[in-house]
Every structure is written in C-alpha cells, then in structure tokens.
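J.: let's see this in three dimensions:
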Amino acid sequence: MAQTKKKRQTKHRGNAAGQVEARGRTGRRPGAGERKPTSRELRAARLDQPPTWRSALNRALIAAALFLVLLLFFFRRQQLGPKIGIAVVMLAVYVPMGYYTDLFIYRRRQARRLREQAAKRRDDPTTTPNAT
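T.: Got it, this is the predicted structure:
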C-alpha cells in the first residue's frame, strides 16, 4: 500500500506538554560591523546631527499648509486672499523660529554630552594621571 502520510519537512518544535519553544540562536553571533543598529542608536545618531534650514523649512511648510486647510474649513465665507496671506506670514515666522529652537536644543544636548564624557573621564580609574 502506498504511503498516504506526507513526510515531515522540519523538526517538531513542541515538547511533551505541547508547548512550542523557540530554537534560539543556531549560527554564530554577528560582529559589531554586521549588527543592525537599534532604534535607540538610530535616534541618538539623528539627534546628534546639527539642525538645517531645510528641515526647518519642511516643518514650517507642513504647519502652514495644515493651518491653511483649517482656515479654509472653518472660515468658508471669507475670501481666499487673506487666508493665504496669513499662511505665508506664518511660514515666514515658523522657519527661523523652528531653526533657532532646534539649534538651541542641539547645543544644549551637545553640552550635556560633553559634561557626561568629562565626568566619565574624571571617574575612570584608568585615566588618572600618574603622580611622579
């Protein structure tokens, strides 16, 4: 009689209690250069970049466009010209305000990093100067 049961492709992963457990690592551990950066590392790298006028302009364009849509929605009876004027003035104010806010936060973050590095060097016993 022909075999009707299909052969198993992979190992059974369940134990006697019926629980399926993960196999764990089967290969070698990836090195530092091969490992993908974590989301925390990606965020830290992004925050360590100095602010740009382009990023401030993009953010201001989005804010002004959303504000214009709200004006168009809530004040339907008024003319279009003043609404666009308000959005342009808002854009002109938001670009430098956003850039200098980002610059302030960036500088404060860099100063904090330098203080933390100095404190680590001061507390590290391997970097103490030799008394001769």
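J.: quick one, phi psi at the most centrally placed residue in the chain?
T.: Compute the mean C-alpha point of the chain, and by C-alpha atoms, centre = their mean the closest residue is residue 43, 3.8 Å away. Taking degrees, to the nearest 10, you get phi -70, psi -40 for the backbone angles of residue 43.
J.: how far away is it from residue 58?
T.: 19 Å (C-beta to C-beta, to the nearest Å). Quick note: C-beta positions are derived from backbone N, CA and C, even for glycine.
J.: what's the answer for residue 99, then?
T.: 11 Å.
J.: these two: which is more packed in?
T.: Comparing residue 99 with residue 58 by other C-beta atoms under 10 Å, the one with more neighbours is residue 99, at 19 against 13.
J.: look up how far residue 46 lies from the nearest residue to that one once chain neighbours are set aside.
T.: Distances taken as C-beta to C-beta, 6 or more residues apart in numbering put residue 56 closest to residue 99, at 3.8 Å, once the chain neighbours are dropped. Distance, residue 56 to residue 46, using C-beta to C-beta: 15 Å.
J.: the more surrounded of those two?
T.: residue 56 (20 against 8).
J.: and that one, its phi and psi?
T.: According to degrees, to the nearest 10, residue 56 has phi -70, psi -40.
J.: wait, it touches residue 91, no?
T.: No. Using C-beta atoms under 8 Å as the test, residue 56 is too far from residue 91 to be in contact (10.7 Å).
J.: common neighbours of these two, please.
T.: Common neighbours of residue 56 and residue 91, using C-beta atoms under 8 Å, 6 or more residues apart in numbering, do not exist here.
J.: now for the helix or strand harbouring residue 120, which elements pack on it?
T.: Secondary structure assigned from DSSP states H and E places residue 120 in helix 80-123. Judged by 3 or more C-beta pairs under 8 Å, 6 or more residues apart in numbering; DSSP states H and E, helix 80-123 is in contact with helix 53-74.
J.: kind regards, and thank you for your time.
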